[in-house]
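**Q** my questions concern the predicted model and sequence given below.
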Amino acid sequence: MKPAPVTLRVGVRARLEKVKRSAKRGAIKSLGHAAAYLRQIAVRSISRKKKPSAPGTPPHSATGRLKRAFLYAVNKATGTAYVGPSRSVIGTIAASHEHGRTEPPKALKRRTGRGWTFAVGGVGPVRTLGRSGRRFVVAKLRTERQVKRAAELAKAIPPSKGGPPSKKRRKYPRRPIMAKALKVGKPRLAQFFRGSLEG
């Protein structure tokens with residue numbers, strides 16, 4: 001007795017769905033490997049040097065913070081990979097280098113001191129030494145008046161890096177990182193997807 005045609009169609013459809021799911025899993029996995037590869041190229045292109053790099057080349061990183069800012073992630077729902085510097089780690093400076101943009105003035109943080117507590121019983125600056133105002137005497141705050149004075153002195157102490165916050169915008173020439181990484185890695189990207197179909 002011949003099997004009903006509907007049974008054949010259901011069986012084929014089930015097999016196709018299995019193949020599609022398998023292909024998607026393989027593609028997502030390969031996508032992650034490709035993203036990690038591009039991130040690696042980008043990170044290795046950044047040298048830890050204090051001197052600025054030449055325009056048109058990846059920027060230097062004196063502390064290595066820029067190198068640590070590069071992350072990658074894969075959105076399985078959309079099949080999309082994201083590679084690049086995290087704004088939460090490095091801010092917008094990497095994008096400014098990548099595209100050649102202008103950064104707003106950099107605000108220098110005021111030196112607040114470690115362990116300072118502006119409250120009675122706490123610790124804070126009670127007076128400055130010398131004309132520069134960079135040296136100061138720290139003592140236990142015993143009265144509300146001392147607390148108020150300490151808070152005022154803390155605000156008046158120059159920034160830790162010296163000088164007032166810059167009022168000038170900072171213009172950066174184009175120093176591409178991701179564009180160069182993609183150019184270098186593009187010839188090999190297709191290899192990550194070969195054989196991605198799981199059995």
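**A** Received, thanks. Residues are numbered from 1 along each chain as shown.
**Q** just to check, residue 192 is in contact with residue 35?
**A** No - applying CB atoms under 8 Å, one finds residue 192 not in contact with residue 35, separated by 9.3 Å. Where you see a C-beta, it was placed from the backbone N, CA and C, and this is true even at glycine.
**Q** elements contacting the helix or strand harbouring residue 97?
**A** Here residue 97 sits within helix 93-99, counting by DSSP states H and E. If contacts are counted by 3 or more CB pairs under 8 Å, 6 or more residues apart in numbering; DSSP states H and E, helix 93-99 sits against strand 80-85, strand 102-103.
**Q** average pLDDT for that helix?
**A** In this model, helix 93-99 has an average pLDDT of 94.
**Q** now the element after the helix or strand bottoming out on mean pLDDT in the chain, going C-ward?
**A** Lowest by mean pLDDT, DSSP states H and E among the helices and strands of the chain is helix 5-44, with a mean of 74. Next in sequence after helix 5-44, counting helices and strands by DSSP H and E, comes helix 65-68.
**Q** need the residues that contact that next one.
**A** 43, 46, 48, 59, 61, 85, 89-90, 93-94 (CB atoms under 8 Å, 6 or more residues apart in numbering).
**Q** so which bits of it are buried?
**A** The neighbour-count check on helix 65-68 (16 or more other CB atoms under 10 Å) flags 66-67 as buried.
**Q** list the residues that contact the spatially most central residue of the chain.
**A** By CA atoms, centre = their mean, the chain has its centre lying nearest to residue 86, at 2.7 Å. Contacts for residue 86 (CB under 8 Å, 6+ apart) come out as 69-71.
**Q** kindly recompute the last result at 6 Å.
**A** Residues in contact with residue 86 (CB atoms under 6 Å, 6 or more residues apart in numbering) are 69, 71.
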